[in-house]
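**Student:** sequence and predicted structure, then a few things I'm wondering about:
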Amino acid sequence: MKKKFTSILIIAAMLILCACGNSANEPNDTSPVTMTDPSGAEITLPKQINSIVVLAPSLSEIVVSLDMGDKITGYDSYSAGIAGLPENVPTFEITNPDMEQLAALAPDILLVTNESLYDQESPFQSLIDAGTCVICVPNRDNIEGIKSDIQFLASALDASEKGSSLLEDFDEQLKELAEIAAGIPKEERKRIYFEVAPAPNMYSFGSGVFLNEMIEWIGAENILADQSGWFTVEGETIAAANPDVIFTNADYLEDPVQEILDRDGWADISAVADQNVYCIDNNSSSQPNHNIVKAMRQMAEILYPDYYAAK
C-alpha cells in the first residue's frame, strides 16, 4: 500500500511540473506582442524576425549596431555603403519605394521614417494586410528622442541586451563631451554657422534640431539659434552675424570649404578671414542616431583642441 501511494505522488508531481512548464512557456511562444511605435501607430510584432527591410540610413545604422544586419533583405539607396549591411540585395527609394518589389520580399518587418509617408495616409497598408509589421520611427529633433528610438528598436527587434550596451556607450560618450564643455570659459566659446546646403540655396537650422543641440552640447553657440527648425538662409544674414567658425557637411561638392571661402561678400566674416571653415563628416552629422557623437567629437576637437584633442 505504501509503495502504491508513493507511485501516485510521483505521478502527480510529474503532472504538475508539466502543467507549470506549459503555462510558463506557451504564451511567450504563441501570443502576439502588440505595442505602439514612435509614430503612435499600434503594431503587432511577428513571432520570429527572419527578414527586415529598412528605408532610412539612420535606422539602418541602428539595426546594424544591434547586430541584426544579417536579417536585412533590402534597404534604401542612401544606406548603400554602410558597414555591416549585406550586399546584392534590393534597394529602394525612400519617398516612393517600389511596392511590388517590397511585396515580393514579404519582410517580417519594414522600418521607415516619416519621410516615407509620401502624401498618403497609409501607403503601406497593402503590406500590413499581407502580414508585414510596418514600424515608423519619425526623425528625431533631440538627443533624448534618439535614445528613446534606440531603446524602442532594440525591444521591437528582440535585441534588448545589445541595445542596453549600445545606449550605455552612447551615454558615456555624451557625458564625457558635456563634462569637458562645462570647463570651457564663457569668453572662449565659439559662435558657429553650420551649413547643410551651399549657395545659392543655403540651408541651415535653428533651435529644435538635433544638430543645434550637438553644437550646444560641446560648448559652442549656433548663430541661428534664435530661429527654429530647418530653413533657407541669406548670405547677408550670415555676414551680419559674423561667426567665428563655419562648418559644412555638403561633401558632395568637390571642395565645399573653398567654395565658402570664395563667396562674394564674405571676405570680412571672421571665420572666412581667419580660414576657420571646415567640412564635417556628412553621415554622422546628418543621421539622428548614436553615431552623432562622431560628428560632435570632430567639431569639438576643431573648436577647442586644448580641451578635447587630448581626450
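**Tutor:** Yes, it's here.
**Student:** and the gap between the nearest residue to K190 once chain neighbours are set aside and S65?
**Tutor:** In this structure, K190 finds its nearest non-sequential neighbour in D244, 4.5 Å apart by C-beta to C-beta, 6 or more residues apart in numbering. In short, each C-beta sits where N, CA and C put it, glycine included. Taking C-beta to C-beta, to the nearest Å as the measure, D244 falls 34 Å from S65.
**Student:** please apply the same query to P256.
**Tutor:** From P256 to S65 the distance is 28 Å (C-beta to C-beta).
**Student:** if we can go back for a sec, ok, D244 and S65, which is more surrounded?
**Tutor:** Taking other C-beta atoms under 10 Å, D244 and S65 do not tie; S65 has more neighbours (23 against 18).
**Student:** so how far is I146 from the residue nearest to the more buried one when sequence neighbours are not counted?
**Tutor:** The spatially closest residue to S65, leaving aside those adjacent along the chain, is L166, at 5.5 Å (C-beta to C-beta, 6+ apart). Noted for L166: a distance of 11 Å to I146, by C-beta to C-beta.
**Student:** quickly list what's touching both of the two.
**Tutor:** H290 (C-beta atoms under 8 Å, 6 or more residues apart in numbering).
**Student:** what distance do you get for the residue lying closest to G235 once chain neighbours are set aside to I246?
**Tutor:** Distances taken as C-beta to C-beta, 6+ apart put G265 closest to G235, at 6.0 Å, once the chain neighbours are dropped. From G265 across to I246, the span is 14 Å (C-beta to C-beta).
**Student:** who has more neighbours, those two?
**Tutor:** I246 (22 against 11).
**Student:** my guess is the more buried one contacts I192, does it?
**Tutor:** Yes. Counting by C-beta atoms under 8 Å, I192 is a contact partner of I246 at 7.4 Å.
**Student:** so what sits against both of these two?
**Tutor:** With C-beta under 8 Å, 6+ apart, I246 and I192 have no common neighbours.
**Student:** element containing D171?
**Tutor:** helix 160-182 (DSSP states H and E).
**Student:** can you check I146 too?
**Tutor:** Using DSSP H and E, I146 falls in helix 143-156.
**Student:** other SSEs contacting that helix?
**Tutor:** If you count contacts as 3 or more C-beta pairs under 8 Å, 6 or more residues apart in numbering; DSSP states H and E, helix 143-156 packs onto helix 57-65, helix 160-182, helix 210-217.
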